[in-house]
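1. sequence and predicted model, in that order:
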Amino acid sequence: MFLGEHTPKLDDKGRFFLPAKFREELSEGLVITRAQERCLAIYPKETFIAKTREIAQAPGTVKQVRDYQRMLASGASDEIPDKQGRITIPPQLRRYAGLDKDIVVTGAIDRVEVWDQTAWEAYVGEQEADFADLDEVLPRVGETQQQ
């Protein structure tokens, strides 16, 4: 499980140090891809494979399914962290997320997200007011299993 907020720097080659607490789970390989709200998602390779298998089961005759599959897969890049725990974000993904030097790396339970620092701060500012209300909307684990 990925938790927390970290602020590493992106170097001139598009690399950054993964937070130490994320390294072990991502050491065998990871996939970086586009995510919603113009950030990037980093999945452990096995999690990404499971996600794509699930998405492949959706009907390809539905335009939204095709659009989602294309956006997810076309931007995906598989990586292995180097011995120092750094990964490289490909240029097209850096452009997509507007990444320069100051980034925020957040745990998002099953994935890690990479945000431009200014975009992250704006997102948090917008979401802060609604955060408490979301707790009432999201189903509880026990409730979803009983239904």
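-> Perfect, I can see it now.

2. and residue 91, what does it touch?
-> Residue 91 makes contact with residue 14 under the criterion Cβ atoms under 8 Å, 6 or more residues apart in numbering. All C-beta spots, glycine's among them, are computed from the backbone N, C-alpha and C.

3. what do you get if the cut-off is 6 Å, keeping everything else the same?
-> By Cβ atoms under 6 Å, 6 or more residues apart in numbering, no residues touch residue 91.

4. host element of the closest residue to residue 112 other than its chain neighbours?
-> Distance criterion Cβ to Cβ, 6 or more residues apart in numbering; nearest residue to residue 112, sequence neighbours excluded, is residue 42 at 4.1 Å. Secondary structure from DSSP states H and E places residue 42 in strand 40-44.

5. by contact count, what packs against that strand?
-> strand 30-34, strand 112-116 (3 or more Cβ pairs under 6 Å, 6 or more residues apart in numbering; DSSP states H and E).

6. what about residue 123, neighbour count?
-> As a burial measure, residue 123 scores 17 neighbours (other Cβ atoms under 10 Å).

7. can you tell me the helix or strand for it?
-> helix 117-137.

8. buried residues in that helix?
-> Under the neighbour-count criterion of 16 or more other Cβ atoms under 10 Å, helix 117-137 has 119-120, 123 buried.

9. give me the contacts around that helix.
-> Contact with helix 117-137 is made by 102, 104, as judged by Cβ under 6 Å, 6+ apart.

10. residue contacts, the most centrally placed residue in the chain?
-> For the chain, residue 41 is the residue whose C-alpha lies nearest the centre (Cα atoms, centre = their mean; 1.7 Å). Shown in contact with residue 41 (Cβ under 6 Å, 6+ apart): 33, 35, 111, 113.

11. what pLDDT does the model give the third one?
-> In this case it means residue 111. You'll see residue 111 listed with a pLDDT of 97.

12. and the gap between it and residue 61?
-> 28 Å (Cβ to Cβ, to the nearest Å).

13. neighbour-wise, which of those two wins?
-> Applying other Cβ under 10 Å to residue 111 and residue 61 shows that residue 111 carries more neighbours, namely 20 against 7.
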